[in-house]
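Undergrad: Could you look at this predicted model? Sequence included:
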Amino acid sequence: MQVWNGTAEVPADLGPTVATLGIFDGVHRGHQVILGSTVREAEEAGLTSVAVTFHPHPATVHHPDRDVVLIASLTDRLERLAATGLDAVLVLEYTLDFARTGAEEFVRRYLVDALRASLVVVGEDVRFGWQNAGDRSTMQQLGRAHGFGVRIVTDIASPATGRRWSSTWVRELLATGDVAGAAEVLGRPHRVRGEVVHGQKRGRALGYPTANLRADDLGLVPADGVYAGWLIRPAHAPADGSSARLPAAVSVGTNPTFHGVERTVEAYVLDRTDLDLYGEEVVVELVERLRPMVAFDGVGPLLEQMARDVRDAADVLGGAHHADRTG
Ligand SMILES: Cc1cc2nc3c(=O)[nH]c(=O)nc-3n(C[C@H](O)[C@H](O)[C@H](O)COP(=O)(O)O)c2cc1C
Ligand SMILES: Nc1ncnc2c1ncn2[C@@H]1O[C@H](COP(=O)(O)OP(=O)(O)O)[C@@H](O)[C@H]1O
């Protein structure tokens, strides 16, 4: 998948496209329906499929005082967009200036002039242009005026609950630590991503060295607690293209047993003490919440609980994994 940062990077010889637009934070199952439809329409017509996305998140630009954290970093968003089969993504820098682009001007400048859209695929609640003035009927009018078709994808809801798949729903679930619920809405486990940095150097002495993730641009960190998950080393992808995935017990919180103040995400790779991850960018995929974070009365009870966490994580992550530690 090609990534074009701004219209200047769109190839001059680009043919007609099937285009969609959105922030696509999390690329949840609702997004996936729209993106899947964009890819399919393009394949059937022999055209290029393109998603237009915005960065940073408009909410962070319009409300810098509010602490809006993306569900997924831009890196992860692009990775998930690539997984849908799109040919290209056009990333537009969202600034207050850009936000003043009117609905018609937005369509003309980006969808018509830059992307030569012959079909635009959008969800029924699409909004675009200055003050969100454009909606689906505006898009249909502009399509008639500029000669592109418009496909409206109707909302897709969870068959179990009837609730529409949404980024808000994912945020609510992560805020309570329900990573298994978030995985249902996302269509795969939620992940955070960051460089492994030095911590308090306590982990190895305790017998559980933990990879501590640098705090910025991680993606949305779920509620404090202990989770079963996978530590993925993207730079260590084996020849078959899959990344090395290591089973892990993950701690999110301030380490209250040690009266810590900084909130960290740290992952202990089960049964390993030989890893050197410092400076490496890793992904931590969160599969299931095991328990809340606890301020233990000393190291002894913490270690007893951590031994149980390791067994629980191994159970959740499955199969033949041996939870008994040897080293
Ligand atoms: C599986 C697991 C469970 C943990 N549970 C707790 C906990 O309940 N309370 C706590 O204070 N710290 C908990 N921790 C965090 C440890 O206190 C932390 O990993 C240790 O202090 C090492 O810190 P360091 O990486 O900065 O050296 C847990 C860590 C792991 C890996
Ligand atoms: N099983 C493991 N899981 C995670 N990190 C490991 C493991 N084995 C070795 N390491 C390495 O040890 C480091 C963690 O050791 P630790 O004593 O907890 O130090 P720190 O406080 O700097 O995190 C990790 O950053 C990683 O490089």
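TA: Perfect, I can see it now. Residues are numbered from 1 along each chain as shown. Ligands and ions are numbered 1, 2, ... in the order given.
Undergrad: by contact count, what packs against the helix or strand harbouring residue 231?
TA: Using DSSP states H and E, residue 231 falls within strand 225-233. When contacts are defined as 3 or more C-beta pairs under 8 Å, 6 or more residues apart in numbering; DSSP states H and E, strand 225-233 packs onto strand 244-253, strand 264-269, strand 281-291, helix 299-317. For every residue, glycine as well, the C-beta is placed using N, CA and C.
Undergrad: now that strand: mean pLDDT?
TA: Strand 225-233 carries an average pLDDT of 97.
Undergrad: Which neighbours in the sheet does that strand have, and how are they oriented?
TA: strand 244-253 (antiparallel), strand 281-291 (antiparallel) (DSSP bridges).
Undergrad: Make JSON lines from these and add mean neighbour count and distance to residue 194 to it.
TA: Output for those, formatted as JSON lines (neighbours: other C-beta atoms under 10 Å; distance: least, C-beta to C-beta, whole Å):
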{"stretch": "strand 244-253", "mean neighbour count": "22", "distance to residue 194": "13"}
{"stretch": "strand 281-291", "mean neighbour count": "21", "distance to residue 194": "7"}
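Undergrad: for the ones you listed, which one sits closest to residue 164?
TA: strand 281-291 (23.0 Å; C-beta to C-beta).
Undergrad: From residue 229, how far out is residue 268?
TA: 10 Å (C-beta to C-beta, to the nearest Å).
Undergrad: Between these two, which contacts overlap?
TA: 248, 249, 250 (C-beta atoms under 8 Å, 6 or more residues apart in numbering).
Undergrad: Pick out whichever of residue 268 and residue 229 has more residues nearby.
TA: residue 229 (28 against 25; other C-beta atoms under 10 Å).
Undergrad: Now do the contacts for the residue nearest to residue 275 when sequence neighbours are not counted.
TA: Leaving aside its sequence neighbours, residue 275 sits nearest to residue 269 (C-beta to C-beta, 6 or more residues apart in numbering; 6.1 Å). Contacts for residue 269 were tallied using C-beta under 8 Å, 6+ apart; they are 211, 231, 246, 247, 248, 275.
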